[in-house]
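Chemist: predicted model follows, preceded by the sequence.
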Amino acid sequence: MFETLTDKLGAVFSKITSRGVLSEADIDSAMREIRIALLEADVSLSVVKDFIAHVKAEALGEKVVRSVKPGQMVVKIVHDELVKLLGDKQTELNFNAPAPVVFLMVGLQGSGKTTTTAKIANKLKKNKKVLLCSLDVYRPAAQEQLKQLGDGIGVDSLEIVKGQQPLEITKRALEKAKLGGYDVLILDTAGRLQIDDVLMNEVSDVKKLSNPVETLLVCDALIGQEACNVAKAFDEKLGLTGLVLTRVDGSSRAGAALSMKMVTGVPIKYLGTGEKTDELEQFHADRIAGRILGQGDVVSLVEKAMENIDREQAEKEALQMMKGKFDLNDLLSQMRQMKKLGSMGSVLSMLPGIAKYKAQLEQINGDEILKKQEAIILSMTKLERANPDVIKASRKKRIAAGSGVEVSEVNKLLKSYEQMASMVKQMGKFGGLKGFAQMMRRGQAGFPLSPMNNKRF
């Protein structure tokens with residue numbers, strides 16, 4: 001979502017950070033280019049004007065002019081202003097009410113409300129007893145869709161009674177949530193247009209009846225500057241408490257994220273990063289600002305790893321590696337753990353300074369390579385995975401045929417594996433990671449080859 005804006009801001013900053021001294025003309029030129037980059041990213045004009053005015057006032061200050069690295073100071077100022085623009089507080093959901101706490105999901109038709117409802121339930125189910133309820137009696141099979149999503153994540157849904165209207169369904173949901181001892185009730189309303197007074201009045205009546213602690217607007221990031229008008233209309237009618245941006249993994253130009261908070265004063269709480277029910281990311285302004293400026297987001301990457309990687313399996317593999325043991329089963333397991341983190345592009349985008357290598361990384365096509373290498377290993381016998389040394393010419397031909405690749409691809413994988421296995425043996429020989437690190441500092445070992453492209457890291 002932020003790629004285009006990141007590229008353009010990166011080009012601006014590369015000019016000013018390479019200079020030892022910045023004049024007022026240099027800063028004016030940089031502000032002009034930043035303004036153009038933001039407008040092209042679909043940020044609303046009023047937001048851009050305020051943002052540039054604040055940044056310029058700070059950038060022309062004595063602190064920047066007399067700084068040893070004035071360009072870096074300007075980057076920091078832009079970062080800090082982005083954090084303020086996006087909302088400088090961590091945005092947790094509000095549970096400060098007697099159970100069952102009610103969340104009301106609203107938004108335009110096709111914005112991804114139903115899927116987002118299930119995603120939020122999936123996040124909450126670890127610590128809360130959640131009940132899902134669909135009030136969408138207009139879209140065919142909308143209620144069945146939410147029930148199926150709920151069944152898929154192990155969360156209860158309100159029984160569907162044909163012919164009931166939204167207010168009747170809301171009353172029934174509130175009763176069941178109270179009697180069933182549920183902590184949270186999430187009401188998924190029908191999609192509507194902000195100019196549809198009948199449906200807007202209907203959801204307003206539902207809000208009065210259910211008294212939700214959170215009224216969350218689900219908005220598609222792809223709608224660009226129109227997002228501000230949508231958010232403003234819903235906020236004026238319903239009094240929003242939070243925003244959820246969906247399809248941020250698409251080709252949107254980031255304007256929605258940068259504008260909606262400023263226009264409504266309502267915090268962004270979540271970002272939908274994909275179609276699956278586990279692809280929902282909590283919004284942190286400082287981390288998003290870091291991504292926009294190409295500084296990465298290592299904290300979110302670590303949190304993602306902690307949520308998705310099997311800790312027990314990882315510890316077991318680490319112990320084996322400490323003893324110098326590593327076979328193709330271990331390599332396969334690590335590939336699968338890596339895939340749980342998402343696409344290679346989304347993982348790499350969270351690493352600092354990686355944006356400048358985007359073109360080279362796209363050529364590598366890491367996701368396809370991982371799939372291919374997994375297929376190669378799965379075409380091997382148990383003996384071959386545990387003892388790769390037995391894989392000779394005839395076996396390589398059979399493995400290549402079984403995985404649909406050339407023998408050269410099998411050779412590449414085995415070569416990469418040999419390099420990694422050699423490193424693991426050295427780790428065991430030198431007493432684990434600490435000893436291996438000392439050995440590396442003394443220059444007693446070379447870096448391993450990457451299983452991605454057979455090049456040194």
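Modeler: Right, received. Where do you want to start? Nothing here was measured: the structure is a model prediction, and the numbers come from that model.
Chemist: show me where the stretch 301-450 of the chain has its helices.
Modeler: In the stretch 301-450 of the chain, the helices defined using DSSP state H, counting those that start in this stretch lie at 311-322, 328-339, 344-348, 358-364, 366-378, 382-386, 393-403, 407-429, 432-441.
Chemist: walk me through the domains of this protein.
Modeler: 3-86, 101-295, 303-441 (automatic domain parsing).
Chemist: between these, which has the poorest average model confidence?
Modeler: Ranked by mean pLDDT, the domains of the chain end with domain 303-441 in last place, scoring a mean of 74.
Chemist: contacts only, for the closest residue to V407 other than its chain neighbours.
Modeler: Closest residue to V407 apart from its sequence neighbours, by C-beta to C-beta, 6 or more residues apart in numbering: A400 at 4.6 Å. C-betas here are computed from N, CA, C, even on glycine. Shown in contact with A400 (C-beta atoms under 8 Å, 6 or more residues apart in numbering): I376, S379, E406, V407, E409, V410.
Chemist: again, only using 7 Å
Modeler: Taking C-beta atoms under 7 Å, 6 or more residues apart in numbering, we find A400 in contact with E406, V407, E409, V410.
Chemist: now the third one: how far from L331?
Modeler: Separation of E409 from L331 (C-beta to C-beta, to the nearest Å): 15 Å.
Chemist: same question, the last one
Modeler: As defined by C-beta to C-beta, V410 lies at a distance of 13 Å from L331.
Chemist: please apply the same query to the first one.
Modeler: E406 is 20 Å from L331, where distance means C-beta to C-beta.
Chemist: neighbour-wise, which of those two wins?
Modeler: Applying other C-beta atoms under 10 Å to E406 and L331 shows that L331 carries more neighbours, namely 21 against 10.
Chemist: residues near K237, how many?
Modeler: Using other C-beta under 10 Å, K237 has 16 other residues around it.
Chemist: show me the strands in the protein, by range?
Modeler: All strands of the chain, identified by DSSP state E, fall at 101-107, 130-134, 156-157, 184-188, 214-220, 242-246, 268-272, 280-282.
Chemist: what is the third one packed up against?
Modeler: Pointing back at strand 156-157 there. strand 130-134, helix 142-153 (3 or more C-beta pairs under 7 Å, 6 or more residues apart in numbering; DSSP states H and E).
Chemist: just these: most buried one?
Modeler: Sort those by mean neighbour count, taking mean count of other C-beta atoms under 10 Å, and strand 130-134 sits at the top with a mean of 27.
Chemist: that one to helix 142-153, inter-axis angle?
Modeler: Comparing the axes of strand 130-134 and helix 142-153 via axes from the mean of the first three to the mean of the last three C-alpha atoms, to 10 degrees yields an angle of 160 degrees.
Chemist: now the angle between strand 184-188 and strand 130-134, please.
Modeler: Going by the same axes, to 10 degrees, strand 130-134 makes 20 degrees with strand 184-188.
Chemist: same for strand 130-134, what does it pack against?
Modeler: Against strand 130-134 (3+ C-beta pairs under 7 Å, 6+ apart) you get helix 113-124, helix 142-153, strand 156-157, helix 166-179, strand 184-188.
Chemist: let's have these in JSON lines, adding distance to T264.
Modeler: Formatted as JSON lines, those follow (distance: least, C-beta to C-beta, whole Å):
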{"stretch": "helix 113-124", "distance to T264": "18"}
{"stretch": "helix 142-153", "distance to T264": "26"}
{"stretch": "strand 156-157", "distance to T264": "30"}
{"stretch": "helix 166-179", "distance to T264": "25"}
{"stretch": "strand 184-188", "distance to T264": "21"}
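Chemist: what pLDDT does N96 get?
Modeler: With respect to pLDDT, N96 scores 89.
Chemist: and the gap between it and V213?
Modeler: Applying C-beta to C-beta, the value for N96 to V213 is 7 Å.
Chemist: so the two - more neighbours on which side?
Modeler: Between N96 and V213, V213 has the larger neighbour count (other C-beta under 10 Å), namely 17 against 6.
Chemist: surely that one and P100 touch.
Modeler: No: here V213 lies out of contact with P100, judged by C-beta atoms under 7 Å, at a distance of 10.3 Å.
Chemist: can you pull out the helices in the stretch 1-150 of the chain?
Modeler: Along the stretch 1-150 of the chain, counting by DSSP H, counting those that start in this stretch, helices occupy 3-17, 24-40, 45-59, 62-65, 70-86, 113-124, 142-153.
Chemist: deepest in the core, which of those helices is it.
Modeler: helix 113-124 (a mean of 24).
Chemist: that helix to strand 268-272, inter-axis angle?
Modeler: Going by the same axes, to 10 degrees, helix 113-124 is angled at 100 degrees with respect to strand 268-272.
Chemist: and the angle from helix 113-124 to strand 101-107?
Modeler: Using the same axes, to 10 degrees: helix 113-124 against strand 101-107 is 150 degrees.
Chemist: give me the nearest residue to G180, chain neighbours excluded.
Modeler: Nearest residue to G180, sequence neighbours excluded (C-beta to C-beta, 6+ apart): L131, at 6.8 Å.
Chemist: any idea how far that neighbour is from Q165?
Modeler: Distance, L131 to Q165, using C-beta to C-beta: 19 Å.
Chemist: residue contacts, the closest residue to I34 other than its chain neighbours?
Modeler: Leaving aside its sequence neighbours, I34 sits nearest to V12 (C-beta to C-beta, 6+ apart; 5.8 Å). Residues in contact with V12 (C-beta under 7 Å, 6+ apart) are A30, E33, I34, A37.
Chemist: ok, now E214?
Modeler: Here E214 is in contact with L93, N94, F103, L104, T241, G242 (C-beta under 7 Å, 6+ apart).
Chemist: among those residues, which one lies nearest to D7?
Modeler: The nearest member of those to D7, counting by C-beta to C-beta, is G242 at 29.7 Å.
Chemist: beta partners for the closest one?
Modeler: Going by DSSP bridges, G242 is paired in beta bridges with L216.
Chemist: surely it touches L216?
Modeler: Yes: using C-beta under 7 Å, G242 is in contact with L216, at 4.8 Å.
Chemist: looking at those two, which is more packed in?
Modeler: Higher neighbour count among G242 and L216: L216, with 25 against 20, using other C-beta under 10 Å.
Chemist: quick one: contacts for that one?
Modeler: Counted by C-beta under 7 Å, 6+ apart, L216 has contacts F103, M105, T241, G242, V244, K269.
Chemist: E168 - how many residues pack around it?
Modeler: 13.
Chemist: next one: it from T381, what distance?
Modeler: Noted for E168: a distance of 61 Å to T381, by C-beta to C-beta.
Chemist: equivalent analysis for T277, please.
Modeler: Going from T277 to T381 by C-beta to C-beta gives 36 Å.
Chemist: between the two, which one's more packed in?
Modeler: The neighbour comparison of T277 against T381 (other C-beta under 10 Å) goes to T277, with 20 against 13.
Chemist: having no further points to raise, I will conclude here.
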